[in-house]
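Make a model of this:
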Amino acid sequence: MQLAHVQRSPGARVEAWIADPMGAGRVCAGAIIGGATAVEINPEIRVCWIRMIASWFGSYLASTAGFLFAAVLITHLIRQHRPPTTTIAWLLIIVLAPYAGVLLYLLIGGRKMRKLSAGKRRINLPAVPAPAVLSDMERLLMAHGVPPATSGNAIVFQMTGEDSFAALADLIENAVRSIYVGVFILHPDAVGKDVLARLSRRAAEGVAVRLMLDGVGSLQTHHRALAPLIRAGGRCAFFMPVLHRPFRGRSNLRNHRKIVIADGRRVLAGGANIAAEYLGPEARAGRWPDLTFTIDGPAAGHYVDLFRSDWHFASGEMLESRPPRGDPAGGPDADARIQVVPSGPDVPGDPLYDALLSMAFSARRRLWVVTPYFIPDDALCRALILAVHRGVDVRVLVPERSNHRIADIAGRSYLRDIFREGGKVLLYAGGMLHAKAVLMDDELAMIGSANIDMRSLLLNYEAGLLVYSALQIRYLEQWIESLAKGARSGPADAGALRQLEEGIARLLAPQL
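Have a look, this model is predicted:
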């Protein structure tokens, strides 16, 4: 307290006020009567004292608690053995902005949900008979609990948005027993309304329809848009809504898988969401190139297992079990050897990341990468550069400008590193490119829902597919070459200001 003002009355009374440090102006402290021989304490000063003491004590407790909480989180962060860039990024956020940093870490800092309270069961894909000879990749992924590749599959690629929509409509219209749809985004635009109308009609006809959307990806899809489907007998669920019960998961862990299943046997998967920019019944200017594929055969059952696990977590409903083994698809084209590879918090380790890193080290002739966002970590970027030094034809095809500017800024420095070392960086000039694929020699291709960024490879729930068959790999090769036509080589050198901007974004890249 500080004496702020004294007012004297001749020979009789002195009144004093003290400054209120809490900003409430001045408070009468008391009166000195008869030449300061007696002191009468004004009751208002007691309130002032209590407020000041409580404020000081509350600030002390908040500061101490914040410091201790930050120390606990930093200890937890270091014990997780994350990549150094990720650890440093979180340390900077927590140290420089402790209150915001602690809150952000609690909301989005988690990666692997190990506690049963998280509610999401581990994915357990049923084992399949292993062939006599396993590839190195299959042995690697089996260490993560991923079954080896299966033969006898028929796989058809949809390389345009019109083909993807036609395949989706075909699955919906020809399903007899059940339709399961799980996507990251379903926009309530013309395409989304068309799909919802089809699903509603099939639900009214007695088909079991289950629609699962990601809580963040489909924020624009209000519940009223889903009401007709629910009234028709279908069921809808949002995977980890933005506002969810405590301990039910982390808001940072999104379900990025795209899976559509008809009757538990036919599957449409890949990278496209349900919205006009991804697919539609007619060609549209500016539509994003993407890749989807339909599967008939044993591998389809593994997608069923993925959806069943995700749906149970999102809705609480356990769907009927599928037969332990799917029958080989019929026809002369049912010769694809493919392997379903899930990744995310419900899978031990990081199988997609490990597979990608292994492909970079194993490539002998070529390694082609197609991705909308290229934000690797230092290890993956270095593996690509080492492949260039071994004489491997390394090509990275990305959009010249994606729909997320900060992702472009964060990725440019990595692209520039590869370009300077002799790798080919191709900038797609036709607008946004949403396709994802990696091609290694003539032996292996990786397609599916995962981008080549640390969010997809280490955080999100993803579903990848490894293709081992030569014929399908040739199809993918021709498709990538068609995308690369007209792409310009780059990126150009950056000035000092752009380098600073890219350096900051690169430092924060693990959180993007």
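
ranges for the helices of this protein?
Remark: helices assigned in the chain by DSSP state H are 43-79, 84-96, 98-108, 136-142, 161-174, 190-204, 223-231, 300-315, 351-362, 378-389, 405-420, 454, 470-484, 496-507.

now these in JSON lines, with mean pLDDT and mean neighbour count?
Using the backbone N, CA and C atoms, a C-beta is placed for each residue, glycine as well. Shown next, in JSON lines, are the helices of the chain (pLDDT from 0 to 100; neighbours: other Cβ atoms under 10 Å):
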{"stretch": "helix 43-79", "mean pLDDT": "68", "mean neighbour count": "13"}
{"stretch": "helix 84-96", "mean pLDDT": "68", "mean neighbour count": "16"}
{"stretch": "helix 98-108", "mean pLDDT": "63", "mean neighbour count": "15"}
{"stretch": "helix 136-142", "mean pLDDT": "95", "mean neighbour count": "17"}
{"stretch": "helix 161-174", "mean pLDDT": "98", "mean neighbour count": "18"}
{"stretch": "helix 190-204", "mean pLDDT": "98", "mean neighbour count": "19"}
{"stretch": "helix 223-231", "mean pLDDT": "95", "mean neighbour count": "15"}
{"stretch": "helix 300-315", "mean pLDDT": "94", "mean neighbour count": "23"}
{"stretch": "helix 351-362", "mean pLDDT": "97", "mean neighbour count": "21"}
{"stretch": "helix 378-389", "mean pLDDT": "96", "mean neighbour count": "18"}
{"stretch": "helix 405-420", "mean pLDDT": "92", "mean neighbour count": "20"}
{"stretch": "helix 454", "mean pLDDT": "88", "mean neighbour count": "23"}
{"stretch": "helix 470-484", "mean pLDDT": "96", "mean neighbour count": "16"}
{"stretch": "helix 496-507", "mean pLDDT": "72", "mean neighbour count": "14"}
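
and of these, who's closest to residue 445?
The closest of the helices of the chain to residue 445 is helix 470-484. By Cβ to Cβ, the value is 5.1 Å.

Now that closest one - C-alpha only, CSV.
This file holds the C-alpha atoms of helix 470-484, laid out as CSV (Å, rounded to 0.1, in the frame of the first residue of the first chain):
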residue,chain,number,x,y,z
ALA,A,470,4.1,-54.9,-62.0
LEU,A,471,1.0,-54.2,-64.1
GLN,A,472,-0.6,-51.8,-61.5
ILE,A,473,2.8,-50.1,-60.9
ARG,A,474,3.0,-49.4,-64.7
TYR,A,475,-0.5,-47.8,-64.6
LEU,A,476,0.6,-45.5,-61.7
GLU,A,477,3.8,-44.7,-63.6
GLN,A,478,1.8,-43.5,-66.6
TRP,A,479,-0.5,-41.5,-64.4
ILE,A,480,2.4,-39.7,-62.7
GLU,A,481,4.0,-38.9,-66.0
SER,A,482,0.7,-37.4,-67.2
LEU,A,483,0.5,-35.2,-64.1
ALA,A,484,4.1,-34.0,-64.6
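
Show me what it is packed against.
strand 150-158, strand 336-343, strand 366-370, strand 393-399, strand 424-428, strand 437-440, strand 444-448 (3 or more Cβ pairs under 8 Å, 6 or more residues apart in numbering; DSSP states H and E).
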